[in-house]
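> with the sequence up front, the predicted model follows.
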Amino acid sequence: MKVLPKKEIAKILKERKWGTLMGVDRKKPYGVEVAYTVLGKYLYVIFNPAGRMARCFKNNKKAAFKLCTADNELANWEAVIVEGTMERVMVPADIRRAFRELALKLGYDKNLYDKMAEKYAANPKISPVHRILIVARGGKSSS
């Protein structure tokens, strides 16, 4: 097992598109799979602002985000974790940027989500855009 250097962790976060967002729902752990993008010191995700994950972060701002890949024999694998505090994105320019960057990361035209982004930028109180202020990151691999 090898501890991954920061540069390799950043590369994995840039390349991958999907991971597990984790929070705490009262006293129970809870996780959902989401697409994400990293911009500066934040990891951006989009989820239902009225759902269970939103309730988790209303009561406890601590968040973790996990990426794992492995071959079928589990001989080659990578795992990365990001930890920090969750916040809802309320600034219209940040909402638009998150949607555009997520579209690009997923391989779509950057304007694909513009209508949706404008809807939430015009009414940030219902925005599904959230971000983790990254305070720690780590990773390990099989090689």
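Everything's here; your move.
> sticking with the closest residue to Ser141 other than its chain neighbours, tell me its helix or strand.
Spatially, and ignoring its direct neighbours in sequence, Ser141 is nearest to Glu78 (4.5 Å; Cβ to Cβ, 6 or more residues apart in numbering). All C-beta atoms are positioned from the backbone trio N, CA, C, and that covers glycine. Mapping Glu78 onto the secondary structure by DSSP states H and E places it in strand 77-88.
> could you pull up the mean pLDDT of that strand?
For strand 77-88, mean pLDDT is 97.
> stretch 5-14 now?
96.
> what about the helices in this protein?
6-15, 52-59, 92-105, 114-122 (DSSP state H).
> nearest to Thr85, out of those?
Smallest distance to Thr85 across the helices of the chain (Cβ to Cβ): 8.8 Å, for helix 52-59.
> could you pull out the buried residues of that closest one?
53-54, 56-57 (16 or more other Cβ atoms under 10 Å).
> out of those residues, which is nearest to Val82?
Phe57 (14.8 Å).
> wait, what's in contact with the nearest residue in space to that closest one that is not next to it in sequence?
Closest residue to Phe57 apart from its sequence neighbours, by Cβ to Cβ, 6+ apart: Met86 at 4.3 Å. Residues in contact with Met86, defined by Cβ atoms under 8 Å, 6 or more residues apart in numbering, are 23, 57, 61-63, 130-132.
> apply 7 Å and report the result again.
Taking Cβ atoms under 7 Å, 6 or more residues apart in numbering, we find Met86 in contact with 57, 61, 63, 130, 132.
> now, which of these sits nearest Arg96?
So of these, ranked by how close each gets to Arg96 (Cβ to Cβ), first place is His130, at 15.0 Å.
> still on that earlier bit, name the stretch among the helices of the chain that sits most buried.
Mean neighbour count, computed with mean count of other Cβ atoms under 10 Å, is highest for helix 92-105 among these, reaching a mean of 19.
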